[in-house]
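**Q** Fold the following, please.
(one chain, ligands or ions: 1)
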Amino acid sequence: MSPSRTAVLSDVWKDGIFDNKVVFCTGGAGSICSVQVRALVLLGANAAIVGRNPEKTRQVATDIAKSRDGAKVIGIGGVDVRNLESITAAATKCAEELGGIDFVIAGAAGNFVAPISRLSANGFKSVIDIDLIGSYNTFKATVPYLLISAAKHGSKNSTGSLLGTGGRIVFISATFHYAGTPFQAHVGAGKAGVDALSSSIAIEYGPMGIISNVIAPGPIADTEGMRRLAAEDGEKTARHGVPLGRWGRKKEIADATVYLFSDAGDFVNGTIQVVDGAAWRLGALATASLEYPGILETYLEGSPDLTPLPARPKSRI
Ligand code: COA
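**A** Got it, this is the predicted structure:
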């Protein structure tokens, strides 16, 4: 069932603020990104959502399009962000069908829980390829359109302009790498790179009117990420791991996105917007209801690279 408007965004935003704007979103059929796109569409935007699964991507696009009369939302399936040609073709299709690209959400991500001792080089690389290289590819594929949009609507001339905003990108990152999180070495490393990439874009492209920011969601209820990462009763025990005593809502990530793309965010560039109820300050372990160090023993038992090393020869001195 499609979510209600109140499940998608707060009622502080004005209808029509994104009229005639086009959003391009990778991972757009996913649990968080689809809500971000739906919020922008409700406020006037048209959108292209991009994903690997053609059927799922098409279905979610059709559903989001129903949220506002006259909305155009296209689903571009069969796209892998690891492949620059694939994502470039998707960006071209979006621009041809919807007239350009004003906002980008780089949301495609890969995750699984694995200790380093059970993580093959290819497993590590797969997540780096999706999260970090995929984010880079997304920017490379869309930057020609973002530059056009920034020139028309960018931060330099948006204040007081009827044209509104444009030329903005938001990367979806995470908080795993702030304190370090077990079994997330691959994702933490990838997301740390995403944060660095966004900062460099902000500096190199700011003079051309492009605005680049990161949103780092904490534990968000009813998402694929938390289904993969947290213990089954994690949400019930959230009061121990999140200062605000609960998991976040998808609409809270959508609200942050609206803020960053709206004229309220005109001077906000190169930042990381953490939306996690201050959970990371207590450590991701608490959030996911993991007991340390007991959890290590459970995961590491029988790990191939943890067989004891041969005894070292005694020093002759
Ligand atoms: N533990 C350890 N290694 C794992 C693993 C797990 N749970 N799941 C996958 N891998 C390893 C595989 O063994 C493989 O390495 P190998 O060739 O050395 O065996 C490597 O990761 C790639 O796996 P593969 O299934 O071929 O990759 P893929 O490209 O089809 O899928 C993933 C990429 C692995 C990231 C997959 O989890 C995925 O597609 N995720 C997308 C959705 C998602 O994660 N959403 C969450 C967002 S928070």
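**Q** is it true that residue 304 touches residue 119?
**A** No. If you go by CB atoms under 8 Å, residue 304 and residue 119 don't touch, sitting 10.6 Å apart. The way it works is simple: take the backbone N, C-alpha and C, and place the C-beta from them, glycine included.
**Q** Where does residue 239 sit, in terms of helix or strand?
**A** Element membership for residue 239, per DSSP states H and E: helix 238-241.
**Q** helices and strands around that helix, which ones?
**A** The contact analysis (3 or more CB pairs under 8 Å, 6 or more residues apart in numbering; DSSP states H and E) places helix 238-241 against helix 284-287.
**Q** tell me the mean pLDDT over the helix it packs on?
**A** Mean per-residue pLDDT for helix 284-287: 64.
**Q** follow-up on the earlier one: looking at residue 304 and residue 119, which one has more neighbours?
**A** When neighbours are counted by other CB atoms under 10 Å, residue 304 and residue 119 differ, and residue 119 comes out ahead with 19 against 8.
**Q** Contact partners for that one?
**A** Residue 119 makes contacts with 185, 186, as judged by CB atoms under 8 Å, 6 or more residues apart in numbering.
**Q** do the one 5 residues further on as well
**A** Each residue near residue 124 by CB under 8 Å, 6+ apart is listed here: 185, 186, 189.
**Q** again, only using 10 Å
**A** Residue 124 makes contact with 114, 116, 185, 186, 187, 189, 190 under the criterion CB atoms under 10 Å, 6 or more residues apart in numbering.
**Q** quick one: contacts for the residue of the chain found nearest the ligand?
**A** Distance from the ligand to each residue of the chain (CB to the nearest ligand atom) is smallest for residue 110, at 2.7 Å. Taking CB under 10 Å, 6+ apart, we find residue 110 in contact with 27, 81-82, 123, 126-131, 134, 186-187, 190.
**Q** redo that, cut-off 8 Å
**A** Taking CB under 8 Å, 6+ apart, we find residue 110 in contact with 126, 127, 130, 131.
**Q** again, but for residue 8
**A** By CB under 8 Å, 6+ apart, residue 8 lies in contact with 35, 38, 39, 42, 67, 250, 251, 254.
**Q** Mind putting those into TSV with secondary structure, pLDDT and neighbour count?
**A** Listed next are these as TSV, based on DSSP: H, G, I helix; E, B strand; the rest coil; pLDDT from 0 to 100; neighbours: other CB atoms under 10 Å:
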residue	secondary structure	pLDDT	neighbour count
35	helix	98	25
38	helix	98	31
39	helix	98	28
42	helix	98	20
67	coil	96	18
250	helix	97	24
251	helix	98	21
254	helix	98	28
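**Q** Now render these as TSV, adding distance to the ligand.
**A** Output for the contacts of residue 8, formatted as TSV (distance: CB to the nearest ligand atom, whole Å):
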residue	distance to the ligand
35	14
38	18
39	19
42	24
67	23
250	13
251	18
254	17
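**Q** Closest to residue 294 out of those residues?
**A** residue 250 (31.5 Å; CB to CB).
**Q** residue boundaries of the helices in the stretch 1-150 of the chain?
**A** With DSSP state H, counting those that start in this stretch as the criterion, the stretch 1-150 of the chain has helices at 5-8, 31-42, 54-65, 84-98, 121-128, 134-153.
**Q** buried set for the fourth one?
**A** By that I understand helix 84-98. 86, 87, 88, 90, 91, 93, 94, 95, 98 (16 or more other CB atoms under 10 Å).
**Q** Ok, the fifth one next?
**A** Buried positions in helix 121-128, judged by neighbour count with 16+ other CB under 10 Å: 124, 126, 127, 128.
**Q** contacting residues for the third one?
**A** Taking CB under 8 Å, 6+ apart as the contact definition, residue 127 lies against 110, 111, 112, 186, 187, 190.
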